[in-house]
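Undergrad: everything below, folded, please.
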Amino acid sequence: MNAIDTKGTETVGGVKLCSYVEMQEITDNFNSNRYIRKTLCGRLFRGTIGEGSEKRSVIVKTWDFLLPNGKGHVQRPFDFCDQIKFFTNKKLTTDPRLAKLCAICCDIRLAAVYDEKFDENIIVLSDVLLNDDFGWYNRLKVAIQLANLLLSLHEKDIFLGSVTASCVMILDKEMNIKLFDYGPVPDRFYGKNSDVTIYCRPINDM
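TA: Numbering: from 1, shown residues only. Modelled structure (predicted):
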């Protein structure tokens with residue numbers, strides 16, 4: 001069985017809407033062996049979709065709600081919607097510096113599936129940022145790419161929340177980056193063109 005059935009599947013913003021059962025199939029029931037790391041609002045898992053020659057690796061990001069419920073948790077559904085709106089923006093879907101969203105889940109658990117492979121060659125910026133062997137040349141390459149990405153977004157009147165080192169993947173030895181997450185900011189941004197502006201809501205604890 002294909003983990004994401006392409007026939008008769010509902011879509012949201014051009015990406016597939018998965019059931020929780022499908023998400024369990026993709027992540028092997030969110031198996032601890034598939035766990036990658038924590039994110040700003042949840043966790044990151046390795047996943048698999050397709051069958052046979054069409055089988056490929058993906059990344060699954062969750063928005064978690066834990067007890068006792070923190071003040072910031074009430075904002076997470078809104079943050080989830082903001083990120084879906086961002087990653088399905090047609091002006092951004094071809095940008096190689098942004099993770100490609102291919103499916104989402106709103107059934108029991110909030111989750112997003114990115115058509116990206118997380119293997120031994122990929123690292124998260126926060127894991128190497130304090131390492132002595134992560135030299136200035138590599139730091140500058142990453143910083144310039146990230147700055148150019150944010151500049152490009154701002155020119156389109158698109159505003160993100162906080163982008164931390166834990167939101168950025170480094171794909172290869174050439175230090176090519178990919179943004180897969182971002183956090184909210186203290187104030188909501190309102191742009192002139194509301195159909196391309198990302199509204200980021202406040203959150204007090206992450």
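Undergrad: report how many residues lie close to Ile108.
TA: 11 (other C-beta atoms under 10 Å). Every C-beta, even on glycine, is put in place using the N, C-alpha and C of the backbone.
Undergrad: find the nearest non-adjacent residue to it, please.
TA: Of all residues not flanking Ile108 in the chain, Tyr20 sits nearest, at 4.1 Å (C-beta to C-beta, 6 or more residues apart in numbering).
Undergrad: how close does the most centrally placed residue in the chain sit to Leu44?
TA: For the chain, the residue sitting closest to the mean C-alpha position, by C-alpha atoms, centre = their mean, is Phe180 at 3.4 Å. Distance of Phe180 to Leu44, given as C-beta to C-beta, to the nearest Å: 8 Å.
Undergrad: elements contacting the longest helix anywhere in the chain?
TA: When the chain is parsed with DSSP state H, its longest helix is helix 136-155. With contacts taken as 3 or more C-beta pairs under 8 Å, 6 or more residues apart in numbering; DSSP states H and E, helix 136-155 sits against strand 168-170, strand 177-179.
Undergrad: wait, doesn't Lys61 sit right on Phe180?
TA: Yes. At 6.9 Å, Lys61 counts as touching Phe180 under the criterion of C-beta atoms under 8 Å.
Undergrad: now do the shared contacts for those two.
TA: Common contact partners of Lys61 and Phe180 (C-beta atoms under 8 Å, 6 or more residues apart in numbering): 44, 114.
Undergrad: let me see the ranges of the strands in the protein.
TA: For the chain, the strands defined by DSSP state E occupy 11-12, 15-18, 35-38, 43-49, 56-63, 101-105, 110-114, 123-124, 168-170, 177-179.
Undergrad: kindly reformat those strands as CSV containing distance to Ile144, mean pLDDT and mean neighbour count.
TA: CSV is the format used below for these (distance: least, C-beta to C-beta, whole Å; pLDDT from 0 to 100; neighbours: other C-beta atoms under 10 Å):
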stretch, distance to Ile144, mean pLDDT, mean neighbour count
strand 11-12, 34, 72, 13
strand 15-18, 30, 92, 21
strand 35-38, 25, 94, 13
strand 43-49, 25, 95, 21
strand 56-63, 24, 95, 20
strand 101-105, 25, 95, 23
strand 110-114, 23, 96, 25
strand 123-124, 18, 94, 18
strand 168-170, 13, 96, 22
strand 177-179, 10, 97, 22
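Undergrad: rebuild the ones you listed as TSV, extending it with distance to Lys141.
TA: TSV is the format used below for these (distance: least, C-beta to C-beta, whole Å):
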stretch	distance to Lys141
strand 11-12	35
strand 15-18	30
strand 35-38	22
strand 43-49	23
strand 56-63	22
strand 101-105	25
strand 110-114	23
strand 123-124	14
strand 168-170	9
strand 177-179	9
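Undergrad: mind checking which of these is nearest Asn148?
TA: The closest of those to Asn148 is strand 177-179. By C-beta to C-beta, the value is 10.1 Å.
Undergrad: contacts for that closest one?
TA: 96-99, 116, 125, 142, 145-146, 149, 163, 167-171.
Undergrad: what's the answer for stretch 94-106, then?
TA: By C-beta under 8 Å, 6+ apart, stretch 94-106 touches 4, 12, 15-20, 22-23, 49, 58-59, 84, 87-88, 92-93, 111-116, 145, 149, 152, 169, 176-180.
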